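1. model the structure of this input:
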Amino acid sequence: MGTSYFIQAAVFLIEVIFGLYIIAVLLRYLLASVRADFYNPLSQFIVKVTNPAIKPLRRFIPGYLGVDWPSIVLLIFVQGMELVLVALVASGRIPAPMGLLVLTFAHLLKLIIYVYIFIIIVQVIISWVNPGAYNPATVLMYQLSEPVLRPARRLIPPAGGFDWSPLVVMIVLNLMVILMVMPLMDLGTRLSY
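-> Numbers count the residues shown, from 1 in each chain. Predicted structure coming up:
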């Protein structure tokens, strides 16, 4: 009984440590893909945290067609390592390669969706509490979320003084988790063992 607590603690620590780094690499990729302000202090922090792993990858994997492939490769590698370590600690087995690959993509897709949901919720709260406030974090959140919210704003004009596009986008993102991510996770789990 006592060892299960240590296993849970070990799994928790692995998920937190790897999760924070994966979020940093993901944010670096997303910020680069929307051409966010590179000189923003938060952008600079993310670049400094992720450079030690990405710089060596850039020597072997160039960017191509405007895609930061070294960041994508690092994301896949680190997420895969997290899943392997969690499986080793929890069950003592390494997942089968095909299952691991599907689970890696499913976890990364879920993380991307959750990052956007979090950003949209924070932006909505800030717009209610302190509209028009300038902060380096709010600037980056706007730059990240605008490509996702813009199509919804074109389809749904503001009504009653409210911008309904964040609600619509969050509904669509949650449907993506239910209809895309969960089936991928189930498939990955079946292929893993």
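2. lowest-pLDDT helix or strand in the protein?
-> helix 136-155 (a mean of 89; mean pLDDT, DSSP states H and E).
3. mind listing what's buried in that one?
-> By 16 or more other Cβ atoms under 10 Å, the buried positions in helix 136-155 come out as Thr138, Leu140, Met141, Gln143, Leu144, Ser145, Val148, Leu149, Ala152, Arg153. All C-beta spots, glycine's among them, are computed from the backbone N, C-alpha and C.
4. name the residues of stretch 14-32 that come out as buried.
-> Buried residues in stretch 14-32 (16+ other Cβ under 10 Å): 14, 18, 21-22, 24-32.
5. can you list contacts of it?
-> Stretch 14-32 is touched from outside by 43, 46-47, 49-50, 53-54, 68, 71-72, 74-75, 78-79, 81-82, 85-86, 89, 108, 111-112, 115, 140, 143-144, with contacts defined as Cβ atoms under 8 Å, 6 or more residues apart in numbering.
6. ok, which stretches of this protein are helices?
-> 2-33, 41-60, 69-91, 97-129, 136-155, 165-176, 182-192 (DSSP state H).
7. quick one, which of these is packed in tightest?
-> helix 69-91 (a mean of 18; mean count of other Cβ atoms under 10 Å).
8. picking that back up, any chance of the buried residues of stretch 14-32 in TSV, plus distance to Asp186 and pLDDT?
-> Formatted as TSV, those follow (distance: Cβ to Cβ, whole Å; pLDDT from 0 to 100):
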residue	distance to Asp186	pLDDT
Ile14	22	95
Phe18	22	96
Tyr21	26	97
Ile22	21	97
Ala24	28	96
Val25	26	96
Leu26	23	96
Leu27	28	94
Arg28	30	93
Tyr29	26	93
Leu30	26	92
Leu31	32	91
Ala32	32	89
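9. now those residues as TSV including distance to Phe6?
-> TSV is the format used below for those (distance: Cβ to Cβ, whole Å):
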residue	distance to Phe6
Ile14	12
Phe18	18
Tyr21	23
Ile22	24
Ala24	28
Val25	29
Leu26	29
Leu27	32
Arg28	33
Tyr29	34
Leu30	35
Leu31	37
Ala32	39
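10. just those residues now: which is nearest Trp164?
-> Leu30 (24.0 Å; Cβ to Cβ).
11. and the angle for the least confident helix or strand of the chain with helix 2-33?
-> In terms of direction (axes from the mean of the first three to the mean of the last three Cα atoms, to 10 degrees), helix 136-155 departs from helix 2-33 by 70 degrees.
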